[in-house]
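Student: what's the 3D shape of this:
(2 chains)
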Amino acid sequence: MPPRDGRTGPDTPPEPREERPPAGFSRRSFLVGASGGALAGALGGGLAGKAAAATPPAAPPAQEGPETLSGTVEVELRVNGTALTARVLPQTTLLGALRHHVDPPLTGSKEVCDRGTCGACTVIVDGRPVYSCMQLAVQMTGREIRTVEGLGTPDALSPVQAAFCEHDALMCGFCTPGFVVASTACLEKHGDPDLDTIKEELSGNVCRCGTYPHVFEAVQSAAKARGGRTGR
Amino acid sequence: MSAGPTKDPAPAAQDWQAADRPEWGANDAHPLLNTDIPRVDGPEKVTGVAKYTHDIRLPGMVYARLVISPYPRAVVRDMNFRRARRVPGVVHAEPLEEEGVQLLFQGAGGVVGIVAGESPEAAEAGRAEVSIDYEALEPVVTPEQALADGAPGVGRGGRNVSSVESHGDQQAVAAAIGGCDHVVQATYRVPVQHHVSLETHGVVVDYDGGDSAVVYHSSQNVTGANREFSNYLGLDADKVTVLVQNVGGGFGAKFGAGLEGRLACELAVELKRPVHLMLTREDEFLMAGNRSGSEQRMVGGASSDGTFKVLAVEADKHGGVGQGALPRPPYIYTVENSVAEVRSVHTATDSSRAMRAPGHPQASFAMESMIDELAYGIRMDPVEFRKKNLADPVWHRQLDRVAEEIGWHDHPHRTQPGPGGDGVHVGIGFGVAVWGSRSRDVTVVDLRVEPDGGVTASTAVQDIGQGARTLVAAIVAEELGLDAPEVRAEIGDSRLPPAVGSGGSTTTGSIGPSIKDAAYQARVELSKRVAPLLDAEPGELRFAGHRVFVAGDTGRSLSWREACAALGDAPLRVTGRFQPHLRDQGIHGAQAAKVQVDMLTGRVDVLKMVSIQDQGLPLNRMAIRSQMNGGMIQALSFALFEERVLDPDTGIMLSSDMENYKIAGCREMPELVAIIDDEDTREAVMGMAEASNIPGHSAIGNAIYNACGLRLRDMPFTPDRILTALGGMS
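Tutor: Below you'll find the predicted structure:
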């Protein structure tokens, strides 16, 4: 079965997929660019020097040709309907920005594998579930980001969150925010998914405690609570 | 949804409340316990509000990263931290070893430097700029390398073999073998397994150079942890607070501050700033412990009537520089004559640590495989062979129950394996479990009832996912006739009254009696205050359904809040202590697995697993089913996927991320049936998690044999091993 957009299952090599890949940016090029001023300058020429010297806000990605940034850049993230800014090193992932750089921190998304394997950092970007550890924060300008914190609160749980509690779809809870977000995206796509569809849609998330069967029950229960409708 | 006994929601006579000491009462007569109780901290965990150690962000905090040698044994020839110090945002980059030092083993033995930065990205960039020249030495990472003539000594005292234990009568065993109708000689190998807690080990040390500190710790033990950290910080123990509010998995590996805890404290002292030091995923694989592997060389014999006559075992534990774990053979089964020699074979690798039921899954695989081989060898149903050689009848009824649930009696081949050949074959296998579930008299619980009806129970236990916070609330709630979320459970703080560490399924049996005792005392004391208002004797009062009423006369009653108002201005405070009669020990379990083997690809799919176990009073049925599912799933994962892989030539770990060390995911999930054995009528509590993790992989291995006649004696049961075994057959 094909991997869902932006994410891959455990049976396929992880490969960040972007619906609209911004030209020229990759985590690798930023890692290179950030590893030292001289190297970044050699690779990026004037652009890198400018970024290092003036640390301007991150411009929208240039549409032609690669661009290398170093030093710190200011990113604007639209998270759960609110505009947030943070000044970060260019190699900072969306996950890193959420957890360590925006104020107040959004630590619901967890860092577990840090390489697109486990799904604990899953967020919804423009309606699709993605691994936030595989997205650069500077790529997120203009994108609509939803994190677990935006889905509900302890006093006003979303249908998925309530079903997770009711069915004990969590133990230690560290994978849980990622599963909640992926399950939410699953139900926005499939109103009344069967068990195989749920397993497929959640196959990018892993749990060590072994909550899977209760997660599946919770998603089926939440689908009923949502009346089988798709969308938000 | 609940499989539990039917509950009477009415505030009927609470018989246990008539006793003159705390009593659980009959297992089928609980208004709250022994039902499905949602976790009280569920809402915080599903919304991302729950803060784990990894999530702590403090003003002025620095993020630290360790520099670890990739080689198990090496001499550090040249170290350069200068370039790392020049990376923007790096505040600290220093060696922890001197040039010329010899590194002795992989993991904690190879930590050679530490880098800290204003952000995780800066720290990581700094670490990437550290350059170290290693002179790699002979790795000594496999047991064969360790046992070779002239191998460098890597274990304690330079010995590569230690802890040799032997027992049994060699001559009696030798004599008995001749009397067996079927003898099996086989070697069973279990690889090193990792815990893979999703939250890595680590601490956040909140210290600014003053005379006190707060340490956030991802840990399985709160009580007394402040003493260890205070040593590293150079502070008085009572000036250090350890907080463990939420833990992202432990499974036995998270006891003590660890090297990372000590280094974080030392860095905080040096920088006078808070330090966030969580291991990276690769660090975690390298230095945060593992389940020891094993090689068990066995000879077993049975008579044709199904009697297990003889067992001889030579077993090696592969715990790296640690001891490893293995219970004494013949483990669960009864055998007429047995002899065993068990030893630790040391390699220059990270020490094994406790991992859910330490030693038992290893013993289970070898013993359950041997039992199966003997049963099929004499053409006997392996369920019947097991029952014949298991002394305790509890296992008999449990095996019958899982056999029924998995469809064993309708299965076409039960005394010999399926014929194999091309195509896909289905098989069923079994295994049994045992766990002691001992408890310790260490837990103290403070309980406070406010005049406004608020209830707070306080003890320094930790919730590592087993649901301890919910138990603290629920046990008190039932005693006082409340719902679990109405009791505030205050845990995970070293300043609270002491509790037990969470290891070996000791938590429930150790805290449950103390919680119950506190709740009982509060009920008795409150009864004394309220009785005059109801014109009754204190002993006549019962607490249920948010009311306090006179037994047999529910018309004479007060609401919970009205009753608490009788306290006047001062809250009621009581202290609960361990009550041995409220706990018991001794868990039995049985599991069955149904698998499908594809003979063309070698792929094994687990179709269904069934688990049953007893645990006295099942305090929270839903959480117990979760743990039983988790045990089966971890065993499935161990059976099919998990194996630490080290390159024997360089010693470098090849499985240090979650792609190359795979754990089971959604698509591998079979139908799972978790059965709580309600025929167990012990009115006492005990921890249950270890037992559910013990026999599942053994049952899967046995099911593969039952499906197609391939006996896999090395785990995990990967397609290449299936295909290799097929090649050996043909």
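
Student: which ones are touching the residue positioned nearest the centre of chain A?
Tutor: If you average the C-alpha coordinates of chain A and look for the closest C-alpha using Cα atoms, centre = their mean, you land on A:S132, 2.6 Å from that point. Under the criterion of Cβ atoms under 8 Å, 6 or more residues apart in numbering or on different chains, the contact list for A:S132 reads A:T93, A:L94, A:L95, A:L98, A:S109, A:C121, A:T122, A:V123. Where C-beta positions appear, they are placed from N, C-alpha and C, glycine not excepted.

Student: mind listing which of those residues are in helices?
Tutor: Secondary structure assignment by DSSP state H places A:L94, A:L95 of the contacts of A:S132 in helices.

Student: Switch the contacts of A:S132 over to JSON lines; also include pLDDT, distance to chain B and neighbour count.
Tutor: As requested, those are arranged in JSON lines below (pLDDT from 0 to 100; distance: Cβ to the nearest Cβ, whole Å; neighbours: other Cβ atoms under 10 Å in any protein chain shown):
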{"residue": "A:T93", "pLDDT": "98", "distance to chain B": "9", "neighbour count": "27"}
{"residue": "A:L94", "pLDDT": "98", "distance to chain B": "12", "neighbour count": "28"}
{"residue": "A:L95", "pLDDT": "98", "distance to chain B": "10", "neighbour count": "24"}
{"residue": "A:L98", "pLDDT": "98", "distance to chain B": "10", "neighbour count": "28"}
{"residue": "A:S109", "pLDDT": "98", "distance to chain B": "7", "neighbour count": "24"}
{"residue": "A:C121", "pLDDT": "98", "distance to chain B": "11", "neighbour count": "30"}
{"residue": "A:T122", "pLDDT": "98", "distance to chain B": "11", "neighbour count": "31"}
{"residue": "A:V123", "pLDDT": "98", "distance to chain B": "11", "neighbour count": "31"}
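
Student: What is the most widely separated pair among the contacts of A:S132?
Tutor: Within the contacts of A:S132, A:T93 and A:T122 form the most distant pair, 13.0 Å apart (Cβ to Cβ).

Student: Closest residue of chain A to chain B?
Tutor: Of the residues in chain A, the one nearest chain B is A:G108, at a distance of 1.9 Å by Cβ to the nearest Cβ.

Student: Now do the helices in chain A.
Tutor: Defined through DSSP H, the helices belonging to chain A, from first to last, are A:27-34, A:37-44, A:46-54, A:94-96, A:159-166, A:176-189, A:195-201, A:212-225.

Student: B:K608 reaches B:Q591, doesn't it?
Tutor: No: using Cβ atoms under 8 Å, B:K608 is not in contact with B:Q591; the gap is 10.9 Å.

Student: closest to B:H413 among the contacts of A:S132?
Tutor: Lowest distance from B:H413 to those (Cβ to Cβ) belongs to A:T122, with 44.0 Å.

Student: I'd say the closest one and A:V181 touch.
Tutor: Yes: between A:T122 and A:V181 there is a contact at 4.5 Å, judged by Cβ under 8 Å.

Student: Return stretch B:559-567 as CSV; C-alpha atoms alone will do.
Tutor: Once non-C-alpha atoms are left out, stretch B:559-567 reads as follows in CSV (Å, rounded to 0.1, in the frame of the first residue of the first chain):
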residue,chain,number,x,y,z
SER,B,559,-24.0,14.0,51.5
TRP,B,560,-20.2,13.7,51.3
ARG,B,561,-19.9,17.4,51.6
GLU,B,562,-22.3,17.6,54.5
ALA,B,563,-20.3,14.9,56.3
CYS,B,564,-17.0,16.7,55.7
ALA,B,565,-18.5,20.0,57.0
ALA,B,566,-18.6,18.1,60.4
LEU,B,567,-14.8,18.5,60.4
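
Student: How much space separates the closest residue to chain A within the stretch 451-600 of chain B from A:M171?
Tutor: Across the stretch 451-600 of chain B, no residue is closer to chain A than B:G465, which sits at 3.2 Å (Cβ to the nearest Cβ). Computed as Cβ to Cβ, to the nearest Å, the B:G465 to A:M171 distance reads 4 Å.

Student: which neighbours do these two share?
Tutor: Both B:G465 and A:M171 are in contact with A:C209, where contact means Cβ under 8 Å, 6+ apart.

Student: Number of residues surrounding B:G418?
Tutor: As a burial measure, B:G418 scores 17 neighbours (other Cβ atoms under 10 Å in any protein chain shown).

Student: Also the one 3 residues further on?
Tutor: A count of neighbours around B:G421, defined by other Cβ under 10 Å, yields 9.

Student: how about it, what does it touch?
Tutor: By Cβ under 8 Å, 6+ apart, the contact list for B:G421 reads B:M599.
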